[in-house]
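>>> no sequence for this one, just the structure:
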């Protein structure tokens, strides 16, 4: 009697999750970074160079995302360590799945930290007015910039100006912008993270986040970005 067809999806579902490859090496390097000295992205990136496998491709970007959410320094290094420790991916999954899973874990930890720092700062907005006078859509293209161009701004000579702009935002707008534009989460995914983790220390108001509210706050962030780009262009 012939063997039954092999069910790949069932086999994959039975594969025990494994920590991200390279996590142990990263943890060792993290403890070398936690020396009480100021940290910038270049310092952290140099310390993370040469890690193996999937983690080699995501470690520095995780730190960048963390620093955009909570600021540069050891707090962001610890967030990345937490994200790696809390991320599990099947050995059958590829780098794309590992990146998304680690970004979700990092986003959750960062929102917890923001809510601890300033309780209520991630409460869902009330009486939100549409930003229709600026842009109509809720993607980067509506602000006249691509994902690649934003990444180049974040990592290139515009680094400091982008950081200053982000730091000038209210915490909830900054969180929404980074989770949508940098982490690549949908409005629904972002709303779920804010509901669960923004409310951990910020009270029940965070539970009122909806995908529609996320889209509107993101549109307002995009309007601010478009204004920044226009100002920078006029100043050249």
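Done, it's in. Just so you know, these numbers come straight off a predicted model, no measurement behind them.
>>> can you give me the strands for this structure?
Remark: strands assigned in the chain by DSSP state E are 17-19, 88-90.
>>> mean pLDDT lowest for which of those strands?
Set side by side, those differ in mean pLDDT, and strand 17-19 is lowest with a mean of 43.
>>> domains of the chain?
17-117, 140-235 (automatic domain parsing).
>>> weakest of these in terms of mean pLDDT?
Among those, domain 17-117 scores lowest, at a mean of 71.
>>> what comes into contact with the longest helix seen in the chain?
Among the segments of the chain that qualify as a helix by DSSP state H, the longest is helix 211-235. By Cβ atoms under 8 Å, 6 or more residues apart in numbering, the surrounding residues in contact with helix 211-235 are 124-125, 128, 130-131, 134-135, 137-140, 142-145, 158, 161, 165, 169, 172-174, 176-177, 180-181, 186-188, 190-191, 194. No exception for glycine: its C-beta is placed from N, CA and C like everyone else's.
>>> Could I have the ChimeraX command that selects the buried members from those residues?
Per 16 or more other Cβ atoms under 10 Å, the buried members of the contacts of helix 211-235 correspond to this ChimeraX selection:
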select :124,125,131,135,138,139,140,142,143,145,158,165,169,172,173,174,176,177,180,181,187,190,191,194
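>>> and residue 107, what does it touch?
Contacts of residue 107 (Cβ under 8 Å, 6+ apart): 65, 69, 179, 183, 185, 193, 197.
>>> so can I have JSON lines of those showing distance to residue 229 and neighbour count?
Below are the contacts of residue 107 laid out as JSON lines (distance: Cβ to Cβ, whole Å; neighbours: other Cβ atoms under 10 Å):
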{"residue": "65", "distance to residue 229": "21", "neighbour count": "25"}
{"residue": "69", "distance to residue 229": "21", "neighbour count": "26"}
{"residue": "179", "distance to residue 229": "21", "neighbour count": "28"}
{"residue": "183", "distance to residue 229": "21", "neighbour count": "23"}
{"residue": "185", "distance to residue 229": "23", "neighbour count": "21"}
{"residue": "193", "distance to residue 229": "27", "neighbour count": "23"}
{"residue": "197", "distance to residue 229": "30", "neighbour count": "22"}
